[in-house]
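Q: Got a sequence here, can you model it:
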Amino acid sequence: MDTPFAEFKVSPEKQRLDSMHITSNMRHLGRIGIFVQCIRKFLVNLKRHHQELLETLDPELIGKYLDRKQGNAFSMVKPSESSRTLEQLAEDLFHLVERFRGDPGVNAMTSYHLLVRVLEEQCLVAAAGSGQLRMTVRKNKEIASSSLQNPSDPDAGYDAHKGKGYQVQLAETYTTAAEEDGRRPLALLTYAEAEPAHHSDAKALKPMLDRVEGQGQKPERLLADTIYGSDDNCDYAGKKNTELVAPARAPSRATRRSVSICSLLRTMVR
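A: Got it, this is the predicted structure:
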């Protein structure tokens, strides 16, 4: 059976690789929203599957998240009060994680796993003596881009330039020759891989080459952006007899400063 490449007379010898951002169909939440939604989701599931355990919790804590009127108050927090509100939410989440840490039934719940994940990503927990644990909220700059963005889509990531969601790595064929009738030559996709938005493009080249090689579609020349063109990636492509063509990375500020100092010293010596 002929492949699409043979059917359409398209050669996989020349390909290009790039990524495209995909926005997830989820509400964009700030840190307060992430805490509130995770706690609310957990309490709703606890009520559904373990009503007797829900009744052992403080009614005030339950009402804070399950009562619609009280829950709406979190969306009206003033910027000046956000730090304190975040600390209170973190304390509630920490309490729930510790309260049910040894319960097998609760520990098996996906919503409980999300509580644990948010605690690990957003807070620091350390021993405070006498067997007690002390919890503090991490600073914004300490939150990893791989952290939970919304409990409704736990696999989504965050990219500082593109935003929240996913990205897809795409490779397609290309040719520099034009069709006789002047139309744009046909290009076929050789590779498509979806991944969270925080994944680095630099790590996408190796699996792409492995996949297309297994499909019998390995390129002789591969065009890509600067971030794909690391020394390691160039070496890996070379071992597969693929020429990786990517723009050179601009020198860092430290490198430029070092070069400037060296030039100044050479001038002084002269």
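Q: what's the neighbour count on Ala224?
A: Using other Cβ atoms under 10 Å, Ala224 is surrounded by 24 other residues. Any C-beta I mention is one placed from the backbone N, CA and C, and that applies to glycine too.
Q: Leu17 is in contact with that one, correct?
A: Yes. Between Ala224 and Leu17 there is a contact at 4.6 Å, judged by Cβ atoms under 8 Å.
Q: Using CSV, write out every CA atom in stretch 215-224.
A: This file holds the C-alpha atoms of stretch 215-224, laid out as CSV (Å, rounded to 0.1, in the frame of the first residue of the first chain):
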residue,chain,number,x,y,z
GLN,A,215,8.2,5.8,10.4
GLY,A,216,10.8,5.8,7.6
GLN,A,217,10.4,9.6,7.2
LYS,A,218,13.7,10.9,8.6
PRO,A,219,14.8,14.2,7.0
GLU,A,220,18.2,14.9,5.6
ARG,A,221,17.8,18.6,6.5
LEU,A,222,15.7,20.0,9.4
LEU,A,223,14.9,23.7,9.8
ALA,A,224,14.0,24.9,13.3
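Q: Show residues contacting it.
A: Contact with stretch 215-224 is made by 5, 12-18, 171, 174, 190, 205, 209, 212, 237, 240-246, as judged by Cβ atoms under 8 Å, 6 or more residues apart in numbering.
Q: rerun at 10 Å
A: Applying Cβ atoms under 10 Å, 6 or more residues apart in numbering, the contact partners of stretch 215-224 are 3, 5, 11-19, 171, 173-174, 188, 190-191, 201-202, 204-205, 208-213, 228, 233, 237, 240-247.
Q: Buried ones among those?
A: With burial judged by 16 or more other Cβ atoms under 10 Å, the buried subset of the contacts of stretch 215-224 is 5, 12, 14-19, 171, 173-174, 188, 190-191, 201-202, 204-205, 208-209, 211-212, 228, 233, 237, 240, 242, 244, 246.
Q: Just the ones of those in strands?
A: The strands, defined by DSSP state E, take in 14-19, 171, 173, 190-191, 244 from the buried ones among the contacts of stretch 215-224.
Q: can you list those in CSV and add distance to Asn140 and pLDDT?
A: Formatted as CSV, these follow (distance: Cβ to Cβ, whole Å; pLDDT from 0 to 100):
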residue, distance to Asn140, pLDDT
Lys14, 44, 95
Gln15, 40, 96
Arg16, 37, 96
Leu17, 33, 97
Asp18, 30, 96
Ser19, 26, 95
Ala171, 36, 96
Thr173, 43, 95
Thr190, 40, 95
Tyr191, 36, 96
Leu244, 37, 95
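Q: What is the nearest of those to Tyr158?
A: Of all these, Ser19 has the smallest distance to Tyr158: 14.7 Å, by Cβ to Cβ.
Q: That closest one pairs with what?
A: Beta bridges link Ser19 to Gln169, judged by DSSP bridges.
Q: so it makes contact with Lys203?
A: No. Counting by Cβ atoms under 10 Å, Ser19 sits too far from Lys203 to count as a contact (11.0 Å).
Q: any common contacting residues for the two?
A: Jointly contacting Ser19 and Lys203 under the rule Cβ under 10 Å, 6+ apart are 169, 195, 227-228.
Q: got CSV for these, with distance to Tyr158 and pLDDT too?
A: Shown next, in CSV, are these (distance: Cβ to Cβ, whole Å; pLDDT from 0 to 100):
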residue, distance to Tyr158, pLDDT
Gln169, 17, 97
Glu195, 13, 94
Ile227, 17, 94
Tyr228, 21, 95
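Q: Could you rank those by neighbour count and give me the top one?
A: The most neighbours of any of those, using other Cβ under 10 Å, belong to Tyr228, which has 26 neighbours.
Q: helices or strands up against the helix or strand harbouring Gln88?
A: Taking DSSP states H and E as the definition, Gln88 sits inside helix 82-99. Secondary-structure packing of helix 82-99 (3 or more Cβ pairs under 10 Å, 6 or more residues apart in numbering; DSSP states H and E): helix 31-49, helix 59-66, helix 110-122, strand 123-129, strand 132-137.
Q: average pLDDT across that helix?
A: For helix 82-99, mean pLDDT rounds to 94.
Q: could you give the angle of that helix to helix 110-122?
A: On the basis of axes from the mean of the first three to the mean of the last three Cα atoms, to 10 degrees, helix 82-99 is oriented at 130 degrees to helix 110-122.
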